[in-house]
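[1] I'll drop the sequence and a predicted model, then ask my questions.
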Amino acid sequence: MPGMDQIQSGIQAIKSKNQWWVENHEIHGGTVEGPYPNGDRFILHFKYDVTPKQTGKRMTLDETGLYTVQNGKIAKEEFFYSM
């Protein structure tokens, strides 16, 4: 999203980004597939039907999140999507 870093590191950054996202979108529905693990990382595939509150234009988001785990906790998340 514009103004948002594509990579979040640390649990507080991840929680803050997720809170911002929920507060700034009307969520009509969505699905999550996975996890698809590989060593200390895993992938989730997200599809959301949302209306960003900034634009009011309903859209479908189709993105993949790559999560890195350290000491049994998510340490970093990265999102990949087409604009």
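    Everything's here; your move.
[2] residues of the least confident helix or strand in the chain by mean pLDDT that come out buried?
    Counting by mean pLDDT, DSSP states H and E, the chain has its least confident helix or strand at strand 7-9, which shows a mean of 72. For strand 7-9, burial by neighbour count (16 or more other C-beta atoms under 10 Å) applies to residue 8. The C-beta positions use only the backbone N, C-alpha and C, and glycine is treated the same way.
[3] Next secondary structure element downstream of the helix or strand where residue 68 lies?
    Using DSSP states H and E, residue 68 falls within strand 59-70. Following strand 59-70 in sequence order, the next helix or strand is strand 73-81 (DSSP H and E).
[4] and that next one, what other elements does it pack with?
    strand 7-9, helix 11-23, strand 59-70 (3 or more C-beta pairs under 8 Å, 6 or more residues apart in numbering; DSSP states H and E).
[5] okay, the angle between the longest one and strand 59-70?
    Interaxial angle of helix 11-23 relative to strand 59-70 (axes from the mean of the first three to the mean of the last three C-alpha atoms, to 10 degrees): 170 degrees.
[6] ok, and what's touching whichever helix or strand comes after helix 11-23?
    Counting by DSSP H and E, the next helix or strand C-terminal to helix 11-23 is strand 25-38. Outside strand 25-38, the residues that touch it by C-beta atoms under 8 Å, 6 or more residues apart in numbering are 42-53, 58, 67.
[7] strands paired with strand 25-38, and their directions?
    With DSSP bridges as the test, strand 25-38 is paired with strand 41-52 (antiparallel).
[8] List the buried residues of the strand it pairs with.
    For strand 41-52, by 16+ other C-beta under 10 Å, it's 42-44, 46, 48, 50.
[9] CA-only coordinates of it in PDB, if you can.
    Extracted in PDB, the C-alpha atoms of strand 41-52 (Å, rounded to 0.1, in the frame of the first residue of the first chain):
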ATOM      1  CA  ARG A  41       9.900 -19.500   6.600                       C
ATOM      2  CA  PHE A  42       6.300 -20.100   5.400                       C
ATOM      3  CA  ILE A  43       3.900 -18.600   2.900                       C
ATOM      4  CA  LEU A  44       0.300 -17.600   3.200                       C
ATOM      5  CA  HIS A  45      -1.900 -16.700   0.100                       C
ATOM      6  CA  PHE A  46      -4.500 -14.000   0.800                       C
ATOM      7  CA  LYS A  47      -7.500 -12.900  -1.200                       C
ATOM      8  CA  TYR A  48      -9.600 -10.100   0.100                       C
ATOM      9  CA  ASP A  49     -12.700  -8.300  -1.100                       C
ATOM     10  CA  VAL A  50     -12.200  -4.800   0.300                       C
ATOM     11  CA  THR A  51     -13.100  -1.100   0.000                       C
ATOM     12  CA  PRO A  52     -10.300   1.200   1.000                       C
END
